[in-house]
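>>> For reference, the sequence and a predicted model appear below.
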Amino acid sequence: MGRIVLEKVSKSFGETEVIPALDLTIDDGEFCVFVGPSGCGKSTLLRLIAGLEDVTNGQILIDGEDATSVPPAKRGLAMVFQSYALYPHMSVRKNIAFPLRMAKFDKAEQDKRVAQAAEVLNLTDYLDRRPGQLSGGQRQRVAIGRAIVREPAAFLFDEPLSNLDAALRVGMRLEISELHKRLTTTMVYVTHDQVEAMTMADKIVVLRAGNIEQVGSPLELYRTPRNLFVAGFIGSPKMNFVNGSIAAKHNAATIGIRPEHVSVSSDAGDWPGKVGVSEHLGSDTFFHVTCEGIADPITVRVGGEVDLHYGDTVFLTPASDHMHKFDDKGLRIE
Amino acid sequence: MARAVSTQRKTITTAVAWLLGLMMFFPILWIAILSLKTEGDAIRAPIEVLSSVWTFESFGAVQQRSDYLKHFTNSVVISFGSTFLGLLIAIPAAWAMAFVPGKRTKDVLMWMLSTKMLPPVGVLVPIYLIFRDAELLDTRVGLVFVLMMINLPIIIWMLYTYFREIPGEILEAARMDGASLREEVFFVLMPMAIPGMASTVLLNVILAWNEAFWTLNLTAADAAPLTAFIASYSSPEGLFYAKLSAASIMAIAPILIMGWFSQKQLVRGLTFGAVK
């Protein structure tokens, strides 16, 4: 069981308030991702839940019980750190067994659980090595192994993939999702990478400057971002924003349109413009088009390869049913 | 980047380095030579000293006159005892300053170091009186205590430097894994800090072994370590060069041998953190 409820939780370091009072519920078994730019307070929020930082005000409930002043060891949570934080002087086996040893499990039970975790994480052959002799991905798995053996109420991940190279990151992303499906334990995952958030989460919490900007499923955030910040943060490449008279035509201060919702034509369309840099990914091509009367170049996504070149004149047409409208305060207009 | 150095210049530099090295080493070498001479030969002119007969008689005489083993035991007890006691106090202190620093941590560290700037003789009288009243004069306990106090700032400073090299996340991981503070320190922090702690212990044992001011002033016979043993050969009855030299060799040999075998550890310890 691992239902985590934050009630009016706030955190200040001295005079500076990092997290203004916020409420959040993470349901049992949920994969909840905290996402936001660096310095938005997502790691601090995770550390508050872990108990590694003291809450300035408010309450943290874990499975209905007040855990606000319970020390980290007693909260029944396990954490995977960005740096893996393995014990370099212990073998993989001892690293994984450490939480069990601290919890005074008997030797036989320790061995059994370590063997199980190693099996699940493909670490059986590496149990007698030291962390220093492992690759980044293997270290990551040891850190996860150390977290799962104790069968915690919830897992906390603090940017666990940011030290891995891109290819490995995709693999580990799948492994963690897979693990969540199998264990069905609550997971709270911090990342600054919105792709990780979109691909893994049941629920995404978008944070900015300690404030929750929006909470919702990945597709909710993609389809109906509550404000300009969420609209710009979720989705890759970024949503295009258009201000001024073009936006006013749609009765909005700003309109937003995702690159995949703009069609390109060489003869006719709403916004004439010139093709700038294009990025060819094989499956897709991204064109950056400078349009008349629009400040920033519009990014357009086209499936496959299209025969357009630098300097060509094109006409862009936004799909009106996928257009997002925002008022002058940056809030969504329905 | 390689720099062009002419062979000639290299030769000169090498020669100068050897010369300086020998000059620094010379007193020890001369003591070693004198310790192998008779008392009569030892006070003669240098050339005559070298050409005279070699003998171990001074060592025998020293051993006969004073109980080397007792002084040696005292030195061991005092130097290791004070270092061990210092560690007991310094580990929690360094932990606190390295991992939960406050606004005044830097000031506290500076203040501790500043106590080393005070000339010890300035507090000799009060400490002597306290020792007299507490009946600690000429006891090993008293010396262990006073040398621990003298070296504590250095022990804390060194441990603080090593502890700061250990990522805080690893200690946090231990906390998340259910380790109590004591378990965190014993199972995670200390094993990771072993190289640093070893050099701290080595350096402080050497400092305590060689400490002469307090050991000479606060002991008479029972607790006197090797420093007092050497000093006893420069007595009102006269200076006995050969015996004094033999005593000195006997006093410095153990620590020299220990230093020799652990020099790698010592150098690593003293430069730790300077280069990653």
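Structure received.

>>> What residues does the stretch 51-200 of chain B have near chain A?
B:167, B:169-170, B:172-180, B:183, B:187-188, B:191-192, B:194 (C-beta under 8 Å from any C-beta of the partner chain). Glycine gets a C-beta too; all of them are placed from N, C-alpha and C.

>>> Surely A:Ala85 touches A:Ala143?
Yes - in terms of C-beta atoms under 8 Å, A:Ala85 counts as a neighbour of A:Ala143; the distance is 7.0 Å.

>>> Check what pLDDT the closest residue to B:Arg175 other than its chain neighbours gets.
Once its chain neighbours are removed from consideration, B:Arg175 has its nearest residue in A:Pro72; the separation is 4.9 Å (C-beta to C-beta, 6 or more residues apart in numbering or on different chains). Looking at A:Pro72, its pLDDT stands at 90.

>>> go on, A:Thr68?
A:Thr68 is assigned a predicted lDDT (pLDDT) of 92.

>>> how deep is the closest residue to A:Leu228 other than its chain neighbours tucked in, by neighbour count?
Spatial nearest neighbour of A:Leu228, chain neighbours left out: A:Gly330 (4.0 Å); criterion: C-beta to C-beta, 6+ apart. As a burial measure, A:Gly330 scores 15 neighbours (other C-beta atoms under 10 Å in any protein chain shown).

>>> and A:Gly330, how far is that from A:Ile257?
Distance check for A:Gly330 against A:Ile257: by C-beta to C-beta, to the nearest Å, it reads 16 Å.

>>> hang on, the earlier thing: just the buried residues from the residues of the stretch 51-200 of chain B next to chain A, in PyMOL please.
Below is the selection syntax for PyMOL that covers the buried ones among those, with 16 or more other C-beta atoms under 10 Å in any protein chain shown defining burial:
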select buried, chain B and resi 169+170+172+173+174+175+176+177+178+179+183+187+188+192
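
>>> Tell me the helix or strand right after whichever helix in chain B runs longest.
Secondary structure assigned by DSSP state H gives helix B:68-99 as the longest helix of chain B. Going down the chain from helix B:68-99, the next helix or strand is helix B:105-114, by DSSP states H and E.

>>> Could you give me the buried positions within that next one?
Buried residues in helix B:105-114, counting neighbours by 16+ other C-beta under 10 Å, are found at B:Leu109, B:Met112.

>>> Between helix B:68-99 and that helix, find me the angle.
Between the axis of helix B:105-114 and that of helix B:68-99 there is an angle of 160 degrees, by axes from the mean of the first three to the mean of the last three C-alpha atoms, to 10 degrees.

>>> Need the contact partners of helix B:105-114.
B:Met97, B:Leu152, B:Pro153, B:Ile156, B:Trp157, B:Tyr160 (C-beta atoms under 8 Å, 6 or more residues apart in numbering or on different chains).

>>> hmm, back to that, tell me how far the longest helix of chain B lies from the chain's centre.
11 Å (C-alpha atoms, centre = their mean, to the nearest Å).

>>> re the thing from before, sort out for me which of the contacts of helix B:105-114 are in helices.
Among the contacts of helix B:105-114, the members falling in helices are B:Met97, B:Leu152, B:Pro153, B:Ile156, B:Trp157, B:Tyr160 (criterion: DSSP H).

>>> Could I get these in TSV, plus columns for neighbour count and pLDDT?
Putting the ones in helices among the contacts of helix B:105-114 into TSV (neighbours: other C-beta atoms under 10 Å in any protein chain shown; pLDDT from 0 to 100) gives the following:
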residue	neighbour count	pLDDT
B:Met97	22	93
B:Leu152	21	94
B:Pro153	18	93
B:Ile156	24	94
B:Trp157	17	92
B:Tyr160	21	93
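
>>> so where is the stretch 201-334 of chain A shaky, pLDDT-wise?
Within the stretch 201-334 of chain A, the set of residues satisfying pLDDT under 70 is empty.

>>> quick one: the helices in it?
A:218-223, A:228-233, A:244-249 (DSSP state H, counting those that start in this stretch).

>>> so of these, which one's packed in deepest?
Of all the helices of the stretch 201-334 of chain A, helix A:228-233 carries the top mean neighbour count, a mean of 21, counting by mean count of other C-beta atoms under 10 Å in any protein chain shown.
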